[in-house]
Structure formats: C-alpha cells, structure tokens
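Trainee: sharing a model that was predicted from the sequence below.
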Amino acid sequence: MPPQRPSREGAAASAPVEDYTLLVRFAYLVLPSAAGRGRRVLAAHALVQRVLAPSGSGEYPARGAYGGGREGLPAGGAGRGRAAAVPRARRPEPGGADPGPGYARARERLLRHALRPPRFGTRLPRLLPGIWGLRVLPHPGGCAELALDQRLAALSPQGRAACVLRGLDGLDDAGAHRVLAAAGAADPAAALAEADGVPLREYGPELFRSPEFDACSLRVRPPDLARRRRRVRTGAAALAAAAVCGLLLGPPGTGGTAGGGAPGAPVDPARLERAAPAAWETAARRDFSVWPARGALVDDTALLGRALRVWASPGERVAVSAAPGTASGPPAGPARLLFAGEVGRARVVLLHDGLRAVRYSEPLREGSGAPALDFARTDAADAVSAAALVVGRAGGRVRYLTAPWVREVSAGNLLAPGAPDRALVRDASGVTAPLRGAARGRGCSAWPVMAVRDAEGGRRLLTDLGELTPARLTFGPPDAPADATGREAGDLWARTACALPGLRAHGVREVNAWAYARQRLPEANGTATWLCTRAETWRGDGVRVSARFQAPGTRAGVPAAVVAEAEDSPACGARTPRVLAGVMWRSRAGQWYALAAGGGPFRSVALSGGVRGEGPGPVLAVRAPEGVRAEPNGVLADGTRVGALR
C-alpha cells in the first residue's frame, strides 16, 4: 500500500519541538507591536501553540479565533485559563534554509492566521498563557534592534511577514512570494515591495536573530505594584460608589502609570535641574553635568512630564533599550535636562542623572508609533567622552547633540584616510545634520566617523556603534594613546575599521588600535603588520582584546585577520601594555611558516608545540609543515616569561 501524503494539518503538528523557539521568534516579529512587548510575547506563544496543536476538525483555526486583538493579535487575560506547556528543548536557529517540511507547514499556518483580520463572534477567544502577578519581557537590545522594530511596526501585516521571511528565514523573493501566496496574502508582490523599505544591508539577519526578538528567553519583572495597589483600593471604593471609582482611577499616563510613576520617583518637570548656559566655561570639570538645557521644547512641561513618567515606570508599549551594564530603573533624585526638541519625526528629551544619559522619544503624529526609552552609562565621563550624544536615528542616518565646548564638527570616512572631511552643519541647539551610519551588511565600503574640535583645538574621532553614546577612536601604544588623527592613524584605521561591527551594542567607550610590530616575511614576501585592538567599556568589564595579522598588500576595507582574542584581558591596556600572538602563514611559493610577534619589551620570542624555534627580539619566523599548531611564548627584558594572548 503506497504511503499516504500527510495532511497540511498533520505536517504542521509534526514540526519538531526544537522548532518551537524559531516559530515563536517568527510570530513575535510578525505580530503588531502596538499592544506592548509583554502582551506580544504571550500572543506569540499562544499563536504557535495553537499552530502546533491543530483543531479536531482538521481545518485551520477560524477567523477571529483569538478574539479582538488588533491586526489579529490574540486577546485574553494573562494568567487566566490553562495554557499548553512550553517545550524545553531548543536548538540553534537555522540561517537560510528551512529546517524541514514540518516547520514550513507550521509557518504557513501561523502566517495564514496572522494575516487574517479578526472577526468577532466566530468563536470564543482562547486565553493567553501567562504568569499571575508577573510580567515577561524579552531582553532589551540596542538602538539597532529598536530601529528595526520601529521599521517593522510601520509596515502592514503582510509587509512585516515578507520582511521576516527574508531577514529571519533567509528566503529570496521567489521563496517569500510562494510562502505568502500559500498563506493567503492578498498581494504578495505588494508585500515584497513594501518590505524593500527595510533593506537587509542595514538590517541584516543578525538583527532578526538578536535576543531582543527571542520571545523564549525572557526577563521576569513585577507589574506596576503601585498601580495594582491603586486598583485594589479603587475597586473596593467602586462597590460603594461608581462615581468615586472614576475619579480615583484617572487617565493612564503614557508610561503606563496611573497618575505619576513609581513611588518616590521625581516626575515633576519643575524639579528638573538645569545648568546655567555658561556654566561649562568656568567649570573645573567638563562633562554632562555642565551641559545647558537646549532645544525649542525645554519649557514644554507636558512633554517633560511624559518623559519623566515613562522613565519612572515604562509601560508595556514603551520600547526600552539599555547598553550592557546599564540600569534602566527610575532616577534616585531630580534629573538634569539636557535637551528637548523635535528631531526628524519625533519629539526627543535627553536627561542625565549623574550616572546615565537617557533619551525619551515619541512620534510627532499620535498613533504612528510607541514611545521609546534608551539608556547609556556615562559615569566618569570627561570633556571628550561627553562631547556628543545620539539625539536621533532614522533611515540609516544618525544625528548628534554636541557639547557646548565643541567648536567644529566634520564628517569623514575611515576607509578613505586621504579624503578631506566635509563640514557638518549644526543648528542653534547644537544638533548636527544627519550623518550616514555604517552599512549593516556583508560589505564594508565605508565607515563614517564624526570629527569634533574643542575650544583647545584638539581633534577627536567619534563613531556610532548603535548606542546613545558614540565611541572614541584612538591609536598608538596603550600607555600613551593618541586621537586617531593624522596620516599614520588614518592608514591604520583604514585596515581596522571593518572590524568595528563586532563591537555594536556592547557598551563601548573607546577603541584603541596599536600597530605593535612589523615583521619582514621570509622569501622576500614583504612586510607584515601586527595589530592589537582594545575596546574599553563604560561598565569596566566586557573589555574585548584582539591581535590581528595584516599581510602585505591588503587593500583598505579588508580587515586584518584575527589570530587571537580575549575578553577582560589586561593585554594591550594601560596596565599591561604588551601582547604576544602567532599565526601560520604561507609564502607565495607555497611554503608554510609559523610566525610570532610581541609588542612591548620582549627580549626573545619562542615557539613550542608542533614546531619549535627561538630567536632574539620581538618577532620570529620558523619553517613549518602544513597543519601543525605552534604555541608562542616570550621573555621580557626583566626575565619574565609570558604566554600568548588567549
């Protein structure tokens, strides 16, 4: 008897439980964001559980099966009803190809339901899974994830689906068109055209796979306890008088609090601190504490009040992002106002509490998006690290608010060190014109930087790594780094810049590049350069160190090969200004060599393991058979023996 072809329902139900995580991520990205992140998480789980547990009738779920959610978002209350258990098994998500027919069928059913408009009265809604007394939220991402989420929110349901099929599942246009058509999209071609507004060169697959969109890896937080207590009190009062209940509840605030945020949090705009306009000129220390309040809306108490209430207690509709190691709680005391004004299509408020810079933004047009709140650490900032903050980010372009002591601002390209910078216009508040951000894709044809010149004439290079605070670029020995200006620094960074994407959203304060050794290669193959890059963070830990090998003749834009890397290592830093690394290298004639180079006071360098050798000085080259592994070690001038970076 020939095997029967499995039904569409059976194929979806047979999707491996390991695909649960990927399906939930897919649903989270496709569902609308207007209802808030917590409800969206629960909706994604409810939708996937429904897909993997087909109805007994053998048909797809009826329209409106999830009730009155907007754009098909499931309705119901968290914590009520009985929810299916979430499988524990998880596996790494696939990149381009579909995991299998089970996943494909489940995805089709998921899309078929998500793309259908809700219709009330068809059947009772299934209640969402949840935990009584707690909120579940995905881990906060960086500014790049927030920008992607906002771009997806602006699309129609079928446009979002097309974009996620491309970015998450790696389907080409033909494959995405086929899936959309099978899922019942009204116009797959129009959906693909709409998805072109979210280019993958700026929003690559790594963003779609970010923890920000992993609705299976969650943070658990309490709800607004003050609001819950108020609800209990007003509910009791409602039994006595409904009119009194209405007075007690009041209108909910933008940030999700009913009347003023977390207990004790300063939400009164009148309590905001403001530095005198010329305070920075006579201050003993120049940092964010002496920035004056600037912008056309610094006296808009309604806007400032909304910003403070959201900071005190952000609701589920607020998109919150925080740099690693940055607390996202309310301020301990009155904050300082740095800026309030319109930037692009948003109203923006920049605040500072002594340890953190905070950006609140809301769309100019009501209903066109949700408020956003971004946090970045700024403790121990100085005149250079407090030279600018990102005030706006849209369409792959960045706008900065510069410090009052910044005299000139220009834009340059790290990959074109010989090209002149172009002047960057600023308005009366110190906000720059839009500066193109670094492309998000496999190519690396340009890396924009902003050069600022202060009152003392110093020129600093700053670059955007996807966070509220730009990172400073320096070069030279770690015990005496200099700003990355001049021809030597330009040539060095032109061959290092394309490694910067790996530092996005990592809380980086400063990146130093050091050409610690130059080595004449055997067989007259030219001179190689050994580099060490060290990324310091605002939080102190999470420092990333990498040793790189730059072969002769490598063109600009091709990053040096990483031969060793470590995290939280003192190497290449002010405390330990030395590094040692090795690499296997093949000459033009095909002969393999084990190379090693040290930066710092090295008396000699040696190799052990699959090949052995030793020589005086900081560099060494030993002929070696192909495929062997050599371990570098060295002796410093004081006789101390040190190992390689690892």
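Mentor: Nice, thanks for sending it over. Residues are numbered from 1 along each chain as shown.

Trainee: list the contacts for Gly600?
Mentor: Each residue near Gly600 by C-beta atoms under 8 Å, 6 or more residues apart in numbering is listed here: 516, 577-579, 618, 636. C-beta here means a position set from N, CA and C on the backbone, and glycine is covered the same way.

Trainee: closest to Ser546 among these?
Mentor: Nearest to Ser546 among the contacts of Gly600 is Val579, at 9.6 Å by C-beta to C-beta.

Trainee: which residues does that closest one contact?
Mentor: Val579 touches 516, 532, 545, 547, 571-572, 598-600, 645, counting by C-beta under 8 Å, 6+ apart.

Trainee: circling back to that earlier point, so can I have CSV of the contacts of Gly600 showing distance to Val558, pLDDT and secondary structure?
Mentor: Below are the contacts of Gly600 laid out as CSV (distance: C-beta to C-beta, whole Å; pLDDT from 0 to 100; DSSP: H, G, I helix; E, B strand; the rest coil):
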residue, distance to Val558, pLDDT, secondary structure
Tyr516, 20, 97, strand
Pro577, 27, 95, coil
Arg578, 27, 96, coil
Val579, 22, 97, strand
Pro618, 25, 96, coil
Leu636, 33, 95, strand
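
Trainee: among those residues, which one has the most neighbours?
Mentor: Val579 (30 neighbours; other C-beta atoms under 10 Å).

Trainee: which stretches in the stretch 501-646 of the chain count as strands?
Mentor: All strands of the stretch 501-646 of the chain, identified by DSSP state E, counting those that start in this stretch, fall at 508-520, 527-537, 544-550, 561-567, 579-586, 592-599, 602-609, 613-616, 619-623, 630-636, 641-643.

Trainee: which one, of the ones you listed, ends up nearest to Glu202?
Mentor: Of all the strands of the stretch 501-646 of the chain, strand 508-520 sits nearest to Glu202, with 20.0 Å by C-beta to C-beta.

Trainee: gap between the closest one and the chain center?
Mentor: Centre-to-centre, strand 508-520 and its host chain are 25 Å apart (C-alpha atoms, centre = their mean, to the nearest Å).

Trainee: quick revisit: the contacts of Val579: which two are farthest apart?
Mentor: Val545 and Gly598 (14.5 Å).

Trainee: so for the two, which sits in the more crowded spot?
Mentor: Of the pair Val545 and Gly598, Gly598 is the one with more neighbours under other C-beta under 10 Å, namely 28 against 23.

Trainee: does that one really touch Ala517, like I thought?
Mentor: Yes: look at Gly598 against Ala517 with C-beta atoms under 8 Å: they come within range, at 6.8 Å.

Trainee: any common contacting residues for these two?
Mentor: 618-619.

Trainee: just the CA atoms of the host helix or strand of Ala161, as PDB, please.
Mentor: Here Ala161 sits within helix 157-167, counting by DSSP states H and E. The C-alpha coordinates for helix 157-167 follow below in PDB (Å, rounded to 0.1, in the frame of the first residue of the first chain):
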ATOM      1  CA  PRO A 157       1.000  42.700   8.400                       C
ATOM      2  CA  GLN A 158       1.800  41.200   5.000                       C
ATOM      3  CA  GLY A 159       4.800  43.600   4.600                       C
ATOM      4  CA  ARG A 160       6.100  42.500   8.000                       C
ATOM      5  CA  ALA A 161       5.700  38.900   7.000                       C
ATOM      6  CA  ALA A 162       7.600  39.400   3.800                       C
ATOM      7  CA  CYS A 163      10.400  41.200   5.700                       C
ATOM      8  CA  VAL A 164      10.700  38.500   8.300                       C
ATOM      9  CA  LEU A 165      10.700  35.700   5.700                       C
ATOM     10  CA  ARG A 166      13.700  37.500   4.100                       C
ATOM     11  CA  GLY A 167      15.600  38.500   7.200                       C
END
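
Trainee: just checking, next helix/strand downstream of that helix?
Mentor: Next helix or strand after helix 157-167 toward the C-terminus (DSSP H and E): helix 173-182.

Trainee: that next one packs against which elements?
Mentor: If you count contacts as 3 or more C-beta pairs under 8 Å, 6 or more residues apart in numbering; DSSP states H and E, helix 173-182 packs onto helix 101-114, helix 157-167, helix 188-195.

Trainee: closest one to Arg539 among the ones you listed?
Mentor: Using C-beta to C-beta, the nearest of these to Arg539 is helix 157-167, at 29.9 Å.

Trainee: chain center to that closest one: distance?
Mentor: That offset, for helix 157-167, works out to 20 Å (C-alpha atoms, centre = their mean).

Trainee: so where's the chain shaky on pLDDT?
Mentor: By pLDDT under 70, the low-scoring segments of the chain are 1-18, 34-35, 53-100, 117-133, 140-143, 221-265, 439-443, 556-557.
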